[in-house]
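Asks: quick one, fold the following:
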Amino acid sequence: MDKEERKLTEKELKRKDHFEKLNLELQRKGYKVKKMTVHIQQANSLGPLSMLPFIILTFWIYCHVNGFDLEEISLQFVAAAFLLILGLTIFHELIHGITWGIFAKNHFHTIDFGIIWSCLSPYCTCSEPLRKWQYLSGIAMPTLVLGGGAAVAAVMTNQLLLLFLAEVMILSGGGDFLILLKVLLYRTDKKECMYCDHPYEYGFVVFEK
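Replies: This is a model prediction of the structure:
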């Protein structure tokens, strides 16, 4: 998100200050910085669209194996789904933090959570540069665990509620999927590359030399 569009929060300003110090330190060591960000509104619109093929495939596999019975959907089903989605949304960000925290040298001291209230977008960010595979792991893990894992469980147990939760978790991973594609499609001839979350915009920066 462009910093001119909204006022940065106290936490974002703190991360911005930390990032500027990190940037200066790495520049002295010969690194150059490349900014790779996505507008938050673009992530919220294109992200879910990019996940439609995975959602359709998951639904097709479930129906092919178990069939689909609308009579399973009740008021209790809707209430349980709503409460579980709230919990899993929080857990989604926790998985980001846990994965990055394991890889980071300073572990969970570099992890920060919050919400961008203007678009009701929860987030997790890591302020420490990571290797490419480490950064990618942190991006992909929530959707793999909560989306892919729940989808497999739904097919194996014939649980429609699990299928619904899996589909929502796959859909919610759309923004992460856009960032993952940006990382995978980024090409450089530099020998050393480190990837770090942008301190207040949706995306990351690459330190390379």
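Asks: the top helix by length along the chain packs against which elements?
Replies: Assignment by DSSP state H gives helix 75-103 as the longest helix of the chain. Helix 75-103 sits against strand 111-116, strand 121-126, helix 132-142, helix 160-172, with contacts defined as 3 or more C-beta pairs under 8 Å, 6 or more residues apart in numbering; DSSP states H and E. C-beta: built from backbone N, CA, C; applies to glycine.
Asks: what's the closest of those to residue 70?
Replies: Nearest to residue 70 among those is helix 160-172; the distance by C-beta to C-beta comes to 9.1 Å.
Asks: now the closest one, how far from the centre of its chain.
Replies: 16 Å (C-alpha atoms, centre = their mean, to the nearest Å).
Asks: right, and the helix or strand after it?
Replies: Remark: after helix 160-172, the chain's next helix or strand is helix 174-185, criterion DSSP states H and E.
Asks: can you show me the CA trace of that following helix as PDB?
Replies: Output of helix 174-185 as PDB, limited to C-alpha atoms (Å, rounded to 0.1, in the frame of the first residue of the first chain):
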ATOM      1  CA  GLY A 174      -4.900 -15.500  -2.800                       C
ATOM      2  CA  GLY A 175      -2.800 -12.500  -1.700                       C
ATOM      3  CA  ASP A 176       0.000 -14.800  -0.500                       C
ATOM      4  CA  PHE A 177      -0.200 -16.500  -3.900                       C
ATOM      5  CA  LEU A 178       0.500 -13.200  -5.700                       C
ATOM      6  CA  ILE A 179       3.500 -12.600  -3.600                       C
ATOM      7  CA  LEU A 180       4.700 -16.100  -4.100                       C
ATOM      8  CA  LEU A 181       4.500 -15.700  -7.900                       C
ATOM      9  CA  LYS A 182       6.400 -12.400  -7.600                       C
ATOM     10  CA  VAL A 183       9.200 -14.200  -5.700                       C
ATOM     11  CA  LEU A 184       9.300 -17.100  -8.100                       C
ATOM     12  CA  LEU A 185       9.300 -15.000 -11.300                       C
END
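Asks: can you list contacts of that helix?
Replies: Identification of contacts with helix 174-185 by C-beta atoms under 8 Å, 6 or more residues apart in numbering yields 36, 38, 42-44, 46-51, 132, 135-136, 139-140, 142-143, 195, 202-204.
Asks: just the buried ones from these?
Replies: Buried positions within the contacts of helix 174-185, assessed by neighbour count (16 or more other C-beta atoms under 10 Å), are 36, 38, 43-44, 46-48, 50-51, 135-136, 139-140, 142-143, 195, 202-204.
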